[in-house]
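Trainee: kindly generate the corresponding structure for this input.
(3 chains)
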Amino acid sequence: MVFEREIGFSTKGSLDMVDITSEVGRVVRDSGIEEGMVLVFAPGATGAVITIENEPGLVEDFKRVLREIVKTKADYLHDRIDNNAASHLRASLLGAGKCFPISRGELVRGIWQQIFFVELDVRRRNRRLVVKVIGE
Amino acid sequence: MVFEREIGFSTKGSLDMVDITSEVGRVVRDSGIEEGMVLVFAPGATGAVITIENEPGLVEDFKRVLREIVKTKADYLHDRIDNNAASHLRASLLGAGKCFPISRGELVRGIWQQIFFVELDVRRRNRRLVVKVIGE
Amino acid sequence: MVFEREIGFSTKGSLDMVDITSEVGRVVRDSGIEEGMVLVFAPGATGAVITIENEPGLVEDFKRVLREIVKTKADYLHDRIDNNAASHLRASLLGAGKCFPISRGELVRGIWQQIFFVELDVRRRNRRLVVKVIGE
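Mentor: Next up is the predicted model:
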């Protein structure tokens, strides 16, 4: 069995982080799939899906670390074309999708392990993530 | 067909790395699934699953690089609450799960490509990973 | 339903980046699977699969950032054995595989979101990636 639903939302631009855990859990329950896995995927080259505890201080720490690992401005070649090189580089590093197990009809995750979309683009965006459930 | 088994073990705390390749391979063989994929997933916000060659020097190099990319102490906001910000940040960066193909009943990987759990928490933990096999 | 095909190509060594998007799309179409997911996996400990826009400047920016995050030479212990520690460390950080959704018989991705193999080894290699499609 395969089930798909899109999750849509707006972001506030650079490094906005959106907790989508409950939406993903709802898609899993609505799929009727008891055992399998779910792929949460962000189409696009300037967004990422990660897991992190939803603690506001930690979320800020994550943004800071990401800015340190890939500096926002650093004479990137792509900035001569589109002025959002850091957005792309951070997205490539984090990855556009993550897979999670489904057991007994529920999304498997740790208590503090929330699923977030990370907006890496420099401006507000309307995002549509693809949540694909496979199993039986 | 879907098959699941948990892999349980204890870790020694911060940056302990546990080779789980043979356990994952055994789950794949026991599943009876000939063609498909397997998801190796660590529930929890302070652990990660990666692939790396099981060469003791390289494993130490990996720990060192991880400490350089995300410093252990750096006035993180989350450390005011729980004192393990770096654990969370490193886990979010590496990712909690990895997928592997299954072909002719065997886990597909390179000869030197071992599957490791990386303990990122600051203390000893009992861990239970979820290994989910899907295919036919 | 499960379908597999290998994608073979040669690389030019360290940080050669090969756009495999059209090959992966062809495997998805040839599989006849309408709804599901595809895993693009690089067997081996010195290669990675990522997504990034295929803009030559950005591709160079990505190589530069990767060299900054994991320095090529830094007294790594593994370099005493095999002289390619940075290759392994970069591969472990980026990950050997990525999953993508399949909807209405097509690979789901953003317009600028191309799939690349990143050669992290220090020499030319012949690579064979495994593309595994699961669905219905």
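Trainee: please make it C-alpha for all contacts and neighbour counts, starting now.
Mentor: Will do.
Trainee: touching chain C at all, stretch A:116-136?
Mentor: Yes: applying C-alpha under 8 Å from any C-alpha of the partner chain, one finds stretch A:116-136 touching chain C at A:130, A:132-134.
Trainee: between the two ends of that stretch, how far is it?
Mentor: End-to-end distance for stretch A:116-136: 26 Å, by C-alpha to C-alpha, to the nearest Å.
Trainee: now that stretch: buried residues?
Mentor: A:116-122, A:125, A:127-136 (16 or more other C-alpha atoms under 10 Å in any protein chain shown).
Trainee: do the same with stretch A:37-55
Mentor: By 16+ other C-alpha under 10 Å, the buried positions in stretch A:37-55 come out as A:37-54.
Trainee: in strands, which of these fall?
Mentor: A:37-41, A:47-52 (DSSP state E).
Trainee: returning to that earlier point: just name the closest of the residues of stretch A:116-136 next to chain C to residue C:101, please.
Mentor: Of all the residues of stretch A:116-136 next to chain C, residue A:132 has the smallest distance to residue C:101: 6.5 Å, by C-alpha to C-alpha.
Trainee: what does the one helix or strand the closest one maps to contact?
Mentor: Applying DSSP states H and E as the criterion places residue A:132 in strand A:125-135. Identification of contacts with strand A:125-135 by C-alpha atoms under 8 Å, 6 or more residues apart in numbering or on different chains yields A:1-13, A:24, A:27-28, A:31, A:33-43, B:1-2, B:134, C:36-37, C:101, C:135.
Trainee: circling back to that earlier point, from the ones in strands among the buried residues of stretch A:37-55, list the ones also adjacent to chain B.
Mentor: Residues of these in contact with chain B (C-alpha under 8 Å from any C-alpha): A:37, A:50-52.
Trainee: against residue B:57, how distant is residue A:34?
Mentor: For residue A:34 relative to residue B:57 (C-alpha to C-alpha), the value is 42 Å.
Trainee: and what of residue A:111?
Mentor: Shown here: residue A:111 relative to residue B:57, a distance of 34 Å by C-alpha to C-alpha.
Trainee: repeat for residue A:21
Mentor: In this view, residue A:21 and residue B:57 are 38 Å apart by C-alpha to C-alpha.
Trainee: not counting its neighbours along the chain, what's nearest the residue nearest to the spatial centre of chain A?
Mentor: The residue lying closest to the centre of chain A (C-alpha atoms, centre = their mean) is residue A:49, at 2.0 Å. The spatial neighbour of residue A:49 that comes closest, neighbours along the chain excluded (C-alpha to C-alpha, 6 or more residues apart in numbering or on different chains), is residue A:117 at 4.7 Å.
Trainee: for the one you found, phi and psi?
Mentor: Main-chain torsions, residue A:117, degrees, to the nearest 10: phi -90, psi 130.
Trainee: tell me the pLDDT at the residue of chain A found nearest chain C?
Mentor: With C-alpha to the nearest C-alpha as the measure, residue A:44 is the residue of chain A nearest to chain C, at 3.9 Å. Residue A:44 carries a pLDDT value of 97.
Trainee: how many neighbouring residues does the residue nearest to it when sequence neighbours are not counted have?
Mentor: Closest residue to residue A:44 apart from its sequence neighbours, by C-alpha to C-alpha, 6+ apart: residue C:110 at 3.9 Å. Residue C:110 has 14 neighbours, counted by other C-alpha atoms under 10 Å in any protein chain shown.
Trainee: which other residues reach stretch A:62-69?
Mentor: Around stretch A:62-69, the neighbours that count as contacts under C-alpha under 8 Å, 6+ apart are A:15, A:90, B:69-70, B:89, C:69.
Trainee: I'd like these as JSON lines, with distance to residue C:76, neighbour count and pLDDT appended.
Mentor: Output for those, formatted as JSON lines (distance: C-alpha to C-alpha, whole Å; neighbours: other C-alpha atoms under 10 Å in any protein chain shown; pLDDT from 0 to 100):
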{"residue": "A:15", "distance to residue C:76": "33", "neighbour count": "23", "pLDDT": "97"}
{"residue": "A:90", "distance to residue C:76": "25", "neighbour count": "27", "pLDDT": "98"}
{"residue": "B:69", "distance to residue C:76": "15", "neighbour count": "16", "pLDDT": "98"}
{"residue": "B:70", "distance to residue C:76": "18", "neighbour count": "20", "pLDDT": "98"}
{"residue": "B:89", "distance to residue C:76": "23", "neighbour count": "26", "pLDDT": "98"}
{"residue": "C:69", "distance to residue C:76": "14", "neighbour count": "16", "pLDDT": "98"}
